[in-house]
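Participant: Any chance you can model this:
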Amino acid sequence: MRTVLLVDDEHAIVDALSGILEDEGYRVLTAAHGREALARLAEARPDVLVLDVMMPIMGGRELLQQLRTSDEWRTLPVLMMSAVPREVLERQEGSRLACDAFVEKPFDLHQLLATVDRLAGPEQP
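Facilitator: Numbers count the residues shown, from 1 in each chain. Below you'll find the predicted structure:
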């Protein structure tokens, strides 16, 4: 069973996406911010990380930066999501987001599921 780590501080999004992803056959781990996500990563290795950009304590950008500089997590597929368009976020930072995919909130559920499925790769027997 493929595993998704869903990191978002909006409980309604976490609850809804968790249920939908589980219905799609994924095991779902959740975290409310980046620091909690690091704790989840110490417990299990997900196939894909779905990550909100703006969160308290540790935001998505900071978490992504830590993952991309880590030998262990550098290649973990990351789908970022935000209500702020990617172009605006990248202009603010002055650099490209190091994520594998990006969806803008409110997102199209079919697009999000297709992207998660692509990033997670084939299910291992």
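
Participant: Which other helices and strands does the host helix or strand of residue 42 contact?
Facilitator: Take DSSP states H and E as the rule and residue 42 turns out to sit in helix 34-43. Helices and strands touching helix 34-43, as assessed by 3 or more C-beta pairs under 8 Å, 6 or more residues apart in numbering; DSSP states H and E, comprise strand 3-7, strand 27-31, helix 60-68. Yep, even glycine has a C-beta here, placed from its N, CA and C like the rest.

Participant: Name the stretch among the ones you listed that sits most buried.
Facilitator: Comparing those by mean neighbour count (mean count of other C-beta atoms under 10 Å), strand 3-7 ranks first with a mean of 23.

Participant: how about the CA coordinates for that one, as PDB?
Facilitator: Listed next in PDB are the C-alpha coordinates belonging to strand 3-7 (Å, rounded to 0.1, in the frame of the first residue of the first chain):
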ATOM      1  CA  THR A   3       1.700   6.000   1.700                       C
ATOM      2  CA  VAL A   4       1.000   9.800   1.600                       C
ATOM      3  CA  LEU A   5       2.200  12.200   4.300                       C
ATOM      4  CA  LEU A   6      -0.400  15.100   4.200                       C
ATOM      5  CA  VAL A   7       0.900  18.300   5.900                       C
END
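
Participant: what about the helices in this protein?
Facilitator: 11-23, 34-43, 60-68, 86-93, 109-120 (DSSP state H).

Participant: Residue 101: which of those helices is closest?
Facilitator: Among the helices of the chain, the nearest to residue 101 by C-beta to C-beta is helix 109-120 (4.9 Å).

Participant: average model confidence for that closest one?
Facilitator: For helix 109-120, mean pLDDT rounds to 96.

Participant: returning to that earlier point: with mean pLDDT and distance to residue 100 as extra columns, can I get the helices and strands packed on helix 34-43 in JSON lines?
Facilitator: Listed next are the helices and strands packed on helix 34-43 as JSON lines, based on pLDDT from 0 to 100; distance: least, C-beta to C-beta, whole Å:
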{"stretch": "strand 3-7", "mean pLDDT": "98", "distance to residue 100": "13"}
{"stretch": "strand 27-31", "mean pLDDT": "98", "distance to residue 100": "18"}
{"stretch": "helix 60-68", "mean pLDDT": "94", "distance to residue 100": "10"}
